[in-house]
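[1] The following block contains a protein sequence and its predicted model.
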Amino acid sequence: MWSPADPSDIPAPQDVILAKEAISKLEIALKAAEDALERVQVDALTREIETRRAWLAPIRRLPVEILSDIFIFCRDLDYFSPLTISKVNRMWRQVILSTLHAWSTIHVNSERPYRHVVKCMLTYIERSDPCFLHVFLPERYRAYDPYHSLEDLERLGLSQASRLQSLSISVVPLRTFSPATFPNLTRLLLGERMEIDISFFDSSRFPQLRILVLAGEILVVASPRPSTNITFPRLQFLGINDSDQDSSWITLVQQCSTTLQGLSVYYMDEDRVFPETTIYFPKLEYLMIWPHLDEPPHFRSIDAVTPSLRYYVERRFGSPKRFTTHTDLKTVIHLRVRAIPSLEECPSLHTLQIMFEWPSRSSCSLLVQQLEHHRDACPSLSHIEFYTPGDERCQLDPSELMSLKSWVEERIKEARPHVTVSFPTELNPLPGSLEDIMCGFSMPYYAFWKHLGGMPSFASAMWSPTDPNCIPSPQDIIMGKEAISKLEITLKTAEDALERVQVDALTREIETLRAWLAPIRRLPVEILSDIFLFSRDLDHFSPLTISHVNRMWRQVILSTLHAWSTIHVNSNRPYQRVVKYMSTYIERSDPCFLHVFLPERCRCYDPYHTLEDLERLGLSQSSRLQSLSMSAVPLGTLSCTTFPNLTRLFLGDRMEIDISFFDSSRFPQLRILVLAGEVRVVTSPRASTNVTSPPLQFLGINDSGQDSSWITLVQQCSTTLQGLSVSYIDEDRVFPETKIHFPKLEYLVIRPHEDELFHLRSIDAVTPSLRYYVEERYGSPKLFTTHTDLKTVIHLRVRAIPSLEECPSLQTLQILFEWPSRSSCSLLVQQLEHHRDACPSLSHIEFYTPGDERSPLDPCEVMPLISWVEKRIKKARPHVTVSFPRMLNFLPGSLDDIMCGFPMPYGAFWMREYDMDFVFTQYRIELE
């Protein structure tokens with residue numbers, strides 16, 4: 001059959017035609033092989049079809065500059081994606097290695113093994129050189145890895161002081177900072193509990209610092225011999241805690257007041273009151289004050305004069321009162337408070353947000369009365385929000401809360417008919433706030449789309465494109481770059497002389513031109529569709545986000561029906577939004593098959609609704625469902641429904657299901673069935689004798705101590721099963737052992753009880769094709785396994801030490817030790833030493849040793865044990881490699897590998913379509 005002369009080349013138009021014809025012929029051959037149930041031919045044909053499709057993938061024809069943009073976008077979604085991308089193929093590795101900015105954000109994940117994190121950080125520092133670095137270190141590491149503290153990582157990050165541009169760091173060893181200068185650092189976030197001398201923030205140490213956030217319990221103090229020559233950097237945003245022992249924090253605020261555009265003051269303490277200081281903030285647009293519960297306004301330490309203030313937030317706890325801590329609200333357009341404000345003091349107000357955690361009619365009346373009696377106050381007011389959390393924090397009964405909402409909305413509408421009223425359970429970040437600035441973090445997901453796709457008007461008299469919606473021509477690109485250069489020069493040279501409004505306008509115009517010239521805007525529709533599908537796999541809500549970017553992208557995403565076909569319900573979101581989201585996805589994906597995942601329950605987040613409405617909505621599309629993951633299923637809803645196209649079904653929670661329910665007349669195409677939680681298969685007294693199970697390829701099932709129907713279901717599917725997982729084999733009642741032949745079974749998992757011996761098994765499985773076997777026995781390891789037919793197994797993962805003479809084909813052995821000891825390891829070591837001819841193909845042994853509280857050993861005891869085991873194994877088998885991982889990868893054929901009912905994972909996306917240089921039998925991310 002036709003094949004490309006050089007798989008590395010980009011296909012010519014004639015090649016595309018020939019390749020598509022070859023794929024059609026292969027698909028016909030594949031269908032014939034499936035009907036004949038010839039497993040080897042099916043696998044070979046499937047691989048060949050996937051290889052040819054990958055060769056034709058539109059994304060392979062992307063130029064380097066567009067690939068770089070996509071890789072940087074992926075980095076913002078997943079900080080480890082550059083490592084993943086670098087392992088796909090040679091071309092992509094070259095592109096990602098040449099895209100230095102993709103390696104410039106270092107976000108340490110404290111859940112990963114310590115050595116892996118250190119190696120990752122070193123790799124990112126090296127590959128991003130000479131770019132500026134953005135480093136985020138978590139609060140602590142020792143909770144995950146008892147062998148190491150965070151100081152080594154901090155020292156490693158601070159060693160690049162000259163390259164740091166953003167730094168977020170907690171539990172800072174101040175002595176490490178003291179001698180260092182940070183010439184390019186613009187954003188600094190310090191956390192945990194400590195005192196810092198005010199002289200530490202001298203501009204000689206931080207000449208470019210613009211955003212400073214002192215979180216946790218960081219207090220600014222003055223040394224006994226303070227320096228009189230301190231010059232502070234020109235901060236634009238400051239987040240600071242007060243101190244009842246020292247007024248140095250007021251001095252720091254005062255010194256930066258002329259340049260500050262945003263200020264947050266936390267936990268204003270009333271135990272000790274300093275003399276009130278009047279401070280003038282000419283550019284301040286955002287102010288947040290977080291006072292104590294009962295602090296009256298005259299206890300303030302700062303009297304802030306804010307002629308440019310537009311956004312004000314006051315987070316006072318307790319019941320709302322009719323005053324605010326900051327009273328200069330004449331220019332404020334967006335007010336977010338817990339205390340009810342005086343509307344006459346807010347003549348410019350557009351949006352008012354009241355944060356009620358304990359709403360009541362009396363508290364709402366304070367605002368309603370003002371709207372009724374002072375109708376001339378706040379003439380520009382257009383929207384009022386009452387923040388009412390929808391979880392356990394709300395003390396009102398649902399019916400009382402609904403009645404209160406109706407009463408408030410009705411009274412406000414009578415007083416101000418043009419004002420809209422809403423009751424959100426989530427609050428968006430305000431412009432200029434710390435959440436909006438994202439100090440020390442990457443650009444958030446939604447901002448990426450708005451930055452690249454948004455096309456506002458071009459304001460200045462300088463060159464601008466004739467039609468901002470058109471794709472720029474080569475001449476437009478030259479003109480656009482020249483215009484950006486001139487605007488940047490103007491902004492840099494005249495920033496001090498320009499007013500804030502002019503600076504913002506120039507900045508917006510530069511960003512607009514850059515967005516218009518972005519290479520990603522020149523992508524053809526077919527490639528955009530692929531990118532949008534990929535984004536959907538990373539974020540299930542991305543199609544909604546993309547549809548609001550611009551007209552062109554909306555048309556593309558609406559025509560990409562598969563992007564709407566995966567419905568993943570997030571139970572953290574408000575119920576009404578979830579229903580609307582699900583209805584939208586069902587409508588926009590029609591007539592594509594659907595993949596629906598519903599969580600276990602929703603009532604803990606929204607007390608007004610159960611999950612049954614959502615289940616009914618999903619099951620109404622039974623003819624379109626291809627994957628369904630569902631818990632707490634109302635079985636009565638399912639009983640009369642058929643699913644002609646369902647291939648993957650995942651049922652959870654606690655219930656009993658009659659075996660006749662899984663008849664092939666209801667699920668003719670079902671191939672993957674997982675019964676999780678405590679779902680048990682039973683037989684009703686009047687069960688039909690003509691039940692025909694579908695030809696399942698993977699089955700995950702629980703045993704039942706009361707009924708042997710689960711064995712019947714396994715037996716009926718045995719000829720087609722390629723993967724089987726049996727959980728919690730119960731020894732309370734032992735059924736007669738049934739011998740079952742599994743001709744195609746390659747993957748088997750057994751989770752027996754702790755002390756159950758192999759002779760208590762209810763199934764004697766004959767598995768001539770078994771390659772991957774997992775036995776998750778809890779308790780101390782023993783020298784036997786529950787399944788003894790291991791002659792063909794190449795990968796064995798067990799808690800019990802196996803007999804190596806029974807595993808002649810073994811290549812990889814994984815021992816799951818949660819409580820390692822020298823005696824338990826000796827059971828394996830002795831076999832390796834005494835039976836040197838056993839397992840001739842054995843090449844790798846892993847001892848899974850968790851590094852958390854589950855391991856009772858002290859770190860100083862574990863390290864000698866690891867050295868002893870490695871030394872003894874190397875002596876007996878020099879060619880065998882030994883490792884001690886803290887995380888276990890998915891095995892081929894396992895439920896995690898198949899991802900039943902879930903979208904394809906991030907790493908699998910890259911490997912599925914675009915691996916043209918080599919084929920992996922097991923996907924695995926690791927640093928070399």
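    Yep, that arrived.
[2] My guess is Lys413 contacts Trp407. True?
    No. Using Cβ atoms under 8 Å as the test, Lys413 is too far from Trp407 to be in contact (11.0 Å). Where C-beta positions appear, they are placed from N, C-alpha and C, glycine not excepted.
[3] Now do the shared contacts for these two.
    Common contact partners of Lys413 and Trp407 (Cβ atoms under 8 Å, 6 or more residues apart in numbering): none.
[4] Domain parsing of this protein, as residue ranges.
    Domain segmentation of the chain under automatic domain parsing yields 13-56, 319-434, 444-522.
[5] Select from those the stretch with the lowest mean pLDDT.
    Among the domains of the chain, domain 444-522 has the lowest mean pLDDT, at a mean of 62.
[6] and stretch 377-388, which residues are buried?
    Neighbour-count burial for stretch 377-388 flags Ala377, Cys378, Leu381, Ile384, Glu385, Phe386, Tyr387, Thr388 (criterion: 16 or more other Cβ atoms under 10 Å).
[7] Kindly report the same for stretch 253-271.
    Here stretch 253-271 shows 253-257, 259-266, 268-270 as buried, counting by 16+ other Cβ under 10 Å.
[8] and what of stretch 403-419?
    For stretch 403-419, burial by neighbour count (16+ other Cβ under 10 Å) applies to Leu404, Lys405, Val408, Glu409, Arg411, Ile412, Ala415, Arg416, Val419.
[9] Can you tell me which of these is nearest Pro752?
    The shortest gap between Pro752 and any of those belongs to Lys405, at 53.7 Å (Cβ to Cβ).
[10] quick one: the closest one is in a helix?
    Yes. Under DSSP: H, G, I helix; E, B strand; the rest coil, Lys405 sits within a helix.
[11] Can you tell me, leaving aside adjacent residues, what's nearest to it?
    Spatial nearest neighbour of Lys405, excluding adjacent residues (Cβ to Cβ, 6 or more residues apart in numbering): Phe423 at 5.5 Å.
[12] How about the contacts made by that neighbour?
    The neighbourhood of Phe423, defined by Cβ under 8 Å, 6+ apart, consists of Glu385, Phe386, Tyr387, Thr388, Lys405.
[13] possible to save those residues as a markdown table with secondary structure and distance to Thr331?
    Listed next are those as a markdown table, based on DSSP: H, G, I helix; E, B strand; the rest coil; distance: Cβ to Cβ, whole Å:
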| residue | secondary structure | distance to Thr331 |
| --- | --- | --- |
| Glu385 | strand | 20 |
| Phe386 | strand | 24 |
| Tyr387 | strand | 23 |
| Thr388 | coil | 29 |
| Lys405 | helix | 31 |
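[14] ok so, going back, can you tell me which two in the buried residues of stretch 253-271 are farthest apart?
    Farthest apart among those by Cβ to Cβ are Thr259 and Glu270. That separation is 29.3 Å.
[15] what separates the residue nearest to Lys405 from Arg416, distance-wise?
    Phe423 sits 17 Å away from Arg416 when distances are taken as Cβ to Cβ, to the nearest Å.
[16] try Arg47
    67 Å.
[17] would you list every one of the strands in the stretch 1-150 of the chain?
    105-107, 133-136 (DSSP state E, counting those that start in this stretch).
[18] Tell me which strands the first one pairs with, and in which orientation.
    Taking DSSP bridges as the criterion, strand 105-107 forms sheet pairs with strand 133-136 (parallel).
[19] For the next helix or strand after the partner strand, which residues meet the burial criterion?
    With elements assigned by DSSP states H and E, the helix or strand that comes after strand 133-136 is helix 151-158. Neighbour-count burial for helix 151-158 flags Leu153, Glu154, Leu156, Gly157, Leu158 (criterion: 16+ other Cβ under 10 Å).
[20] Reformat these as a markdown table; add pLDDT and distance to Ile866.
    Formatted as a markdown table, the buried residues of helix 151-158 follow (pLDDT from 0 to 100; distance: Cβ to Cβ, whole Å):
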| residue | pLDDT | distance to Ile866 |
| --- | --- | --- |
| Leu153 | 70 | 22 |
| Glu154 | 72 | 26 |
| Leu156 | 75 | 24 |
| Gly157 | 75 | 28 |
| Leu158 | 77 | 31 |
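[21] now the end-to-end length of stretch 529-547.
    End-to-end distance for stretch 529-547: 12 Å, by Cα to Cα, to the nearest Å.
[22] burial count for Cys120?
    By the criterion of other Cβ atoms under 10 Å, Cys120 has 20 neighbours.
[23] That one is in contact with Phe80, isn't it?
    Yes. With contact defined as Cβ under 8 Å, Cys120 reaches Phe80; the gap is 7.4 Å.
[24] ok so Gly239 is a strand residue?
    Yes. Under three-state DSSP, Gly239 falls within a strand.
[25] Please look at it and Leu260 and confirm they touch.
    No. Using Cβ under 8 Å, Gly239 is not in contact with Leu260; the gap is 11.0 Å.
[26] Show me what the lengthiest helix in the chain packs onto, helices and strands only.
    Of all the elements of type helix in the chain, the one with the most residues (DSSP state H) is helix 13-36. Other elements packing on helix 13-36 under the criterion 3 or more Cβ pairs under 8 Å, 6 or more residues apart in numbering; DSSP states H and E are helix 39-56.
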